[in-house]
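Trainee: kindly return the folded structure for what I paste below:
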Amino acid sequence: MLQINYIIIDFLILLFPLIFTFKWKFKYYKFFKSLSASILIVGISYIFWDILVTKRGDWWFNEDFLIGFEILGLPIEEILFFIVVPFACIFIYENLKYFFKDKKLFFNKWIYLAISGVFIILGLFFYKQDYTILAMFSCALFFILASTLYPDLLKSRNYWFYIILSFIPFIVFNYLLTSLIIVYYNPNEIWGGNGAWNGRIFTIPYEDFFYNFAMLSFYLLVYLYFKRRWNPKKINNK
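Mentor: The predicted model follows:
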């Protein structure tokens, strides 16, 4: 039986958008400068978070599924994860932008700030669970920054479609990571359990959904900032 190593999962995440990077309805490679800035800024932030919590023992990795090369205690596969995921998911967003006319949705800054408050309260309530509090606070931080500095993102229907569609491969690949037990989670740092209604959906901790939402949102937020700054004439991909 073929063992699905973590590096193979990284490759599978990257494969489809990479194939169509240079030959597709739009030229994705033309936005690599903005994409690289987003990966650099957001990716380094999440890698730093990852290094700290891995060292602290919030989660760790099964060496049987790794090639054995590490940087600052983090498997190279995990570092690549923060490169291939935004590469693939921003490609999803650009497809939405190209094929579907965006629509502005109802927006009220105070509603999003209230949502941020809920996430902060949840984090403080579960302050003894490191992963839970960090996942809640990352969502709160995104909504605070987006609602005050970049409200157009939250008004965008395509942004929410981007989140929904990106969650499909997230569930597939995260299920592989957690069902094969490539990643172990410290039960003391999450809501815990193994059942669908006991802290996990299938084998995926609830916190992963909030973590993924914030991460994908930050990647897109920074990407769009630099794209508008550096490529104002190419914003419509035409």
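Trainee: what about residue 115, helix or strand, and which?
Mentor: Secondary-structure assignment from DSSP states H and E places residue 115 in helix 109-125.
Trainee: packing partners for that helix?
Mentor: Contacts defined by 3 or more C-beta pairs under 8 Å, 6 or more residues apart in numbering; DSSP states H and E place helix 109-125 against helix 130-149. (Glycine included, C-beta is placed from N, CA and C.)
Trainee: which SSE is immediately downstream of the helix it packs on?
Mentor: Downstream of helix 130-149 (by DSSP H and E), the next one is helix 151-155.
Trainee: any buried residues in that following helix, and which?
Mentor: The neighbour-count check on helix 151-155 (16 or more other C-beta atoms under 10 Å) flags 153-155 as buried.
Trainee: cool, and stretch 92-104?
Mentor: Within stretch 92-104, judged by 16+ other C-beta under 10 Å, the buried ones are 92-97.
Trainee: chain center to it, what's the gap?
Mentor: 19 Å (C-alpha atoms, centre = their mean, to the nearest Å).
Trainee: do the same with stretch 218-227
Mentor: That offset, for stretch 218-227, works out to 13 Å (C-alpha atoms, centre = their mean).
Trainee: could I have it exported to CSV, CA atoms only?
Mentor: The C-alpha coordinates for stretch 218-227 follow below in CSV (Å, rounded to 0.1, in the frame of the first residue of the first chain):
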residue,chain,number,x,y,z
PHE,A,218,-5.3,37.2,5.8
TYR,A,219,-3.6,35.8,2.7
LEU,A,220,-6.3,37.3,0.4
LEU,A,221,-6.3,40.6,2.3
VAL,A,222,-2.6,41.2,1.9
TYR,A,223,-2.7,39.9,-1.7
LEU,A,224,-5.4,42.3,-2.7
TYR,A,225,-3.6,45.2,-1.0
PHE,A,226,-0.4,44.7,-3.0
LYS,A,227,-2.3,43.8,-6.2
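Trainee: contacting residues around that stretch?
Mentor: 31, 33-35, 37-39, 41-43, 45, 85-86, 89-90, 93, 138, 142, 145-146, 150, 153, 159, 162, 234-235 (C-beta atoms under 8 Å, 6 or more residues apart in numbering).
Trainee: buried members of those residues into ChimeraX, please.
Mentor: With 16+ other C-beta under 10 Å as the burial test, the buried ones among those are selected in ChimeraX as follows:
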select :31,34,35,37,38,39,42,43,85,86,89,90,93,138,142,146,150,153,159,162
